[in-house]
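*Asks:* heads up, no residue letters with this:
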């Protein structure tokens, strides 16, 4: 099968899926993004790049950054990280405090907000400049020095920080949050406000397809086992409260963000990134999910 | 790597993991099973069989039967089944009523008790003899006509039926349970009381490794897509509240039972079954989980 | 103040409050009751009776029966009853299973469904004919031998029994339910299906105004302390999830039913009963609550 | 009955109840209070004062202050306050976030922490010096100008503020918190850190026994109706998760604090205050509850 042709076809059919979702509107900076846009990129473990549509237009990566911060934290803390955050699917809305209270301040996994806050807290304990360090890491992973954090988005998220502040304070009351809440929130929102495009994201996640090695820098970013484990976590918990449905339909580890981006990994083969701003009720891109399901079906890509 | 040698080595080391768990004791028929037993079997898609230890001693398959009943229900109802049961990980204890109440009688997935009860209810709607039909199906899948249901176990479970009866009645109050509660409970407990050994279970699940085809009967039991989807569900939800940890450590779709058995699938390669009665706090076999992790590491078997 | 005039005035103004609620419709036998009806009766500790409107038209007393069954159970079991049911307000919807699961099968109080089921179970353990015994007791309390159970209502409730059956089974799984579930449900629904009017109910509850003595039979039904304690429980938990609001507005112990009846007690002074079928979102009679608030304000009746 | 003799007898028997509870230890300033102390005071609506034991030794009033702040807020906001906080018993642990999340940031009642935080927030919206205003009000109510806030306690509570900060932030995320979180927390902890003795507290709450009039200042602090309503709320929700048991045993509106104090009101008759630092599992003074039950039984004081 001609992969480029497939991406071209998917891009051509994507507009059929416009108008079925809603652009994220909890902060003005996201609400103003035009809805009917679509891009897709695939980056193989051999270094071949394919893309179609608006694959080079940057968007707010939002929760996709949770995979970056987790990788950085695994890199620095190793297995000790798992004493502070679980590895189980959440089974409840992605920002619920209920679970956090019942489980004494240990978030279920690193991809729900509470878990990503603990991960950010763990980075703030090791890094004097946690935002700068993230930016440098992402630029290296993507091989693209022009990547930036959108300060307007980060500031706007901070102004609407109260639910995240509640979770951070709750975890602090259980002893599972070590730094100043505001400092960590600032870092966390900066990570979410990274602005990248499909091509950059597909490249930046290549280490998950290769068994830990970054194809841009040549660096062994994670160990082979760590990359496998991270894929397992993405498979069971990467898509909020719709991880099971994504597994069922697409069958690949993935991570989505409310900016409309979704990254998926086929270990040993490629990374893919789709982007389309309209979200379904679970906060995942409508056209993005559809496109990845098409890709999966066309190439018989399911891991299973 | 010599697979037979690997299984022999795993069996030899298994006793190091005895004494760390507890045999299921909620019914006398299970509580009386001797604790320090271990068996393992691997059945490849080429029809080769490897085993070691007590792989031919039968045990109560318990929740492993939930995968059989799901396959039967998919076979009969197709996608319509998913209107009555979800595809998401549960995120709470495997028999919790809380989730069921909040989500209006729709169980999160077919592998928690509530979900398996709905699946059994769906079979009772289509089959005049749902217990007999299951027994025949399992015998065909395993190529072994002597497989039986342990009536003593089934009766004992029925006597302790009240939590399951509560769930069935709650779902009935939401309109998601169509048959007489007692009839379905009888069928459900009979399924759980199937008595099989590791070799029989490894063979019986071959359709999940082959893309739907049963190697014993030659029958295409599920479609290729259905088998992939069922593996995805087993991966995200097959091990109760420890699915994430199992995915992280073993990286294969699997299903466990409180009888101490665990079945795992490496699509395109093999099915495996381990058995050892001592359970960890999540209701999964201690030595069983260890053995599958060894297998996964030794063969670099992770899907990721 | 002329009490008869007050009741006449309240009855005259009651129609202003029609059309703001909804008649209970979960069973046909209740749904068919004409909505725009109102009755009120007051029975003093001196044996004086005042009433107005449809105070002599019988209706389904429903949950008001929970106060009768509690009194019978206190009478038979004394303080031992409180090992099986709590004395605290529920804080959640009146038929929630969540609380029951978290608190291991001990219902919060005897006025939520789960609590009343435990109370009925405790009566079934002591009485060979628990329905007959209730009927005799209520006839004695009200001084009226023609009181009956509406079998059509009881049967209809039984047909819609599944949520109550779920609770009974859940409590049985925790060891807090001793008799056959179906036998207790039959008794429980029979109690709910008692058909009485405002005058009969005001008389039947006189023992709560007098410190335990039934004014019709002359019998000391409960001890003075038991009557005080039962009033305290009615005050904190008698009106489902609106007990606090009722306390705030009316300031008397009370018990409501979805048939539209509400009984209130002013200890040392009188019992009152109002009836009007339209219910608010909490399942309490709209015009009934209004009427009791009027009574409370007009007579400055608040206990506080 | 000789009330002074009764208090003397109760004080003499109080040591029998020492050693059954635990002094609050979540902050050092409270943990260091000697456990085996007891005091009791009764202040009648005629202005007669009776006391025994350590009734003039000051202690940290803690949550008793929630009744003061509620009275101040009712005074300033009237019924508008009830749009931001409920009137229902909580039915869960007194500082649970679960309820707050399910009910969209509206606390169940003004006596749980979340509710008292909303009340404090409402005072911060109206008062430029909310701490000073509280201190002045309490001094007026008690007729005692030397009453102070213990800064060490207030500061220590602030250092352990995280669970309360989580609740405040969660309510802010729902739009039910208007001022800066830190400013309100400072005020709230200052209120809790008021240091008063039994005599002062009995006097300060006289307005609840008189129908709203403060006996020290002669001022009509609340309307008669407001005082009745506040008593109703204290009756249903004043003792954390043990309000039902307190109602059952003592039968009076009351408010407790983890400093070991409990205030109780018998409308039309008196206010009482007991103090003893050892707390039961619900955070209420062991000897204090016992003493109030004795008082209630000896004087047949139950409202019912």
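*Replies:* Ah, there it is. This is a predicted model, so every value here is computed, not measured.

*Asks:* residue boundaries of the helices in the stretch 51-200 of chain A?
*Replies:* Here the stretch 51-200 of chain A has its helices, by DSSP state H, counting those that start in this stretch, at A:65-77, A:98-102, A:113-126, A:130-142, A:151-159, A:162-173, A:181-192, A:198-204.

*Asks:* Out of those helices, which gets nearest to residue D:123?
*Replies:* Among these, helix A:162-173 comes nearest to residue D:123, with 20.4 Å by Cβ to Cβ. Any C-beta I mention is one placed from the backbone N, CA and C, and that applies to glycine too.

*Asks:* Quick one: residues contacting the closest residue to chain C within the stretch 1-150 of chain A.
*Replies:* In the stretch 1-150 of chain A, the residue that lies nearest chain C is residue A:102 (9.3 Å; Cβ to the nearest Cβ). Contact partners of residue A:102, counting by Cβ atoms under 8 Å, 6 or more residues apart in numbering or on different chains, are residue D:98.

*Asks:* same deal with residue A:283?
*Replies:* Contact analysis of residue A:283 by Cβ under 8 Å, 6+ apart lists A:24, A:94, A:240, A:256, A:258.

*Asks:* mind putting these in CSV, distance to residue A:111 included?
*Replies:* CSV is the format used below for these (distance: Cβ to Cβ, whole Å):
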residue, distance to residue A:111
A:24, 17
A:94, 8
A:240, 8
A:256, 9
A:258, 13
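
*Asks:* List just the nearest of the residues you listed to residue D:35.
*Replies:* Nearest to residue D:35 among the contacts of residue A:283 is residue A:94, at 45.4 Å by Cβ to Cβ.

*Asks:* closest one to residue B:244 among the helices of the stretch 51-200 of chain A?
*Replies:* Nearest of the helices of the stretch 51-200 of chain A (Cβ to Cβ): helix A:113-126, 11.5 Å.

*Asks:* quick one, that closest one and helix A:65-77 angle?
*Replies:* Between the axes of helix A:113-126 and helix A:65-77, defined by axes from the mean of the first three to the mean of the last three Cα atoms, to 10 degrees, the angle is 40 degrees.

*Asks:* any bit of helix A:113-126 sitting next to chain D?
*Replies:* No - if you take Cβ under 8 Å from any Cβ of the partner chain as the test, helix A:113-126 misses chain D, and the best it gets is 11.1 Å.

*Asks:* hmm, back to that, tell me, what's the model's pLDDT at the residue of the stretch 1-150 of chain A closest to chain C?
*Replies:* We have a pLDDT of 81 for residue A:102.

*Asks:* Relative to residue D:106, how far out is it?
*Replies:* According to Cβ to Cβ, to the nearest Å, residue A:102 and residue D:106 sit 21 Å apart.

*Asks:* Pretty sure residue A:51 sits against residue A:41.
*Replies:* Yes - checked against Cβ atoms under 8 Å, the pair residue A:51 and residue A:41 is within contact range at 3.8 Å.

*Asks:* neighbour count winner among these two?
*Replies:* Neighbours per residue, other Cβ atoms under 10 Å in any protein chain shown: of residue A:51 and residue A:41, the larger number sits with residue A:41, 26 against 22.

*Asks:* how far away is that one from chain B?
*Replies:* As judged by Cβ to the nearest Cβ, to the nearest Å, residue A:41 and chain B stand 21 Å apart.

*Asks:* quick revisit: emit the PyMOL select command for whichever of the contacts of residue A:283 are buried.
*Replies:* To isolate the buried ones among the contacts of residue A:283 in PyMOL, judged by 16 or more other Cβ atoms under 10 Å in any protein chain shown, type:
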select buried, chain A and resi 24+94+240+256+258
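
*Asks:* just to revisit the earlier point, going by mean pLDDT, which of the helices of the stretch 51-200 of chain A comes out lowest?
*Replies:* The minimum mean pLDDT among the helices of the stretch 51-200 of chain A belongs to helix A:98-102 (a mean of 83).

*Asks:* Grab the nearest non-local neighbour of the spatially most central residue of chain A.
*Replies:* By Cα atoms, centre = their mean, chain A has its centre lying nearest to residue A:64, at 1.5 Å. Spatially, and ignoring its direct neighbours in sequence, residue A:64 is nearest to residue A:257 (4.3 Å; Cβ to Cβ, 6 or more residues apart in numbering or on different chains).

*Asks:* Might one say that that neighbour is in contact with residue A:60?
*Replies:* Yes - counting by Cβ under 8 Å, residue A:257 touches residue A:60, with 7.3 Å between them.

*Asks:* which residues are common contacts for these two?
*Replies:* Each of residue A:192 lies in contact with both residue A:257 and residue A:60 under the rule Cβ under 8 Å, 6+ apart.

*Asks:* For the closest residue to residue A:122 other than its chain neighbours, list the residues it contacts.
*Replies:* Closest residue in space to residue A:122, ignoring its immediate chain neighbours: residue A:73 at 5.1 Å, by Cβ to Cβ, 6+ apart. By Cβ under 8 Å, 6+ apart, the residues touching residue A:73 are A:81, A:110, A:119, A:122, A:123.

*Asks:* so who does the fourth one touch?
*Replies:* Residues in contact with residue A:122, defined by Cβ under 8 Å, 6+ apart, are A:73, A:76, A:77, A:81, A:84, A:178.

*Asks:* what does residue A:238 give?
*Replies:* A:67, A:111, A:246, A:253, A:254, A:255, A:256.

*Asks:* Likewise for residue A:248?
*Replies:* B:87, B:229, B:232, B:233.
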